[in-house]
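**Q** Structure, please.
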Amino acid sequence: PFVSQQTWQGKPHFLGYEHCDVVGKHWFWTAGDEARPTEKLFSLYDGATKAGGNLLLNVGPDRSGKLTDWQIEALTKLKARIQP
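**A** The predicted model follows:
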């Protein structure tokens, strides 16, 4: 398991934890990609926060530089799941 504080040379040091993952199945925008289920995204969030860290979800913009509707919808659903 992740240990958020470690001692080195007699001094305690806090080690931040961040889990990096993607909303869809691909790190960068890919035509035809779709969001992973809200419960899967919530599981990633829950696991990271319970370990004392945070979750960084990548949402790669499309070729025009915009987020797609499915990405926005996935993030909105995840927010509602986190903050009912």
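
**Q** Name all residues that make contact with residue 59.
**A** Listed by CB atoms under 8 Å, 6 or more residues apart in numbering, the contact partners of residue 59 are 22-24, 67, 71, 75. Just so you know, the C-beta spots here come from the backbone N, C-alpha and C atoms, and that holds for glycine as well.

**Q** Which of those sits closest to residue 58?
**A** Here the nearest of the contacts of residue 59 to residue 58, counting by CB to CB, is residue 22; it sits at 4.7 Å.

**Q** ok, that closest one - contacts?
**A** Residues near residue 22 by CB under 8 Å, 6+ apart: 36, 57-60.

**Q** Is it possible to mark the buried ones in these?
**A** The neighbour count (16 or more other CB atoms under 10 Å) marks 36, 57, 59-60 as buried among the contacts of residue 22.

**Q** Need these in a markdown table (columns: secondary structure, pLDDT and distance to residue 8).
**A** Shown next, in a markdown table, are the buried ones among the contacts of residue 22 (DSSP: H, G, I helix; E, B strand; the rest coil; pLDDT from 0 to 100; distance: CB to CB, whole Å):
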| residue | secondary structure | pLDDT | distance to residue 8 |
| --- | --- | --- | --- |
| 36 | coil | 97 | 37 |
| 57 | strand | 94 | 31 |
| 59 | coil | 94 | 36 |
| 60 | coil | 91 | 37 |
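
**Q** And these, which is closest to residue 17?
**A** Lowest distance from residue 17 to the buried ones among the contacts of residue 22 (CB to CB) belongs to residue 57, with 15.2 Å.
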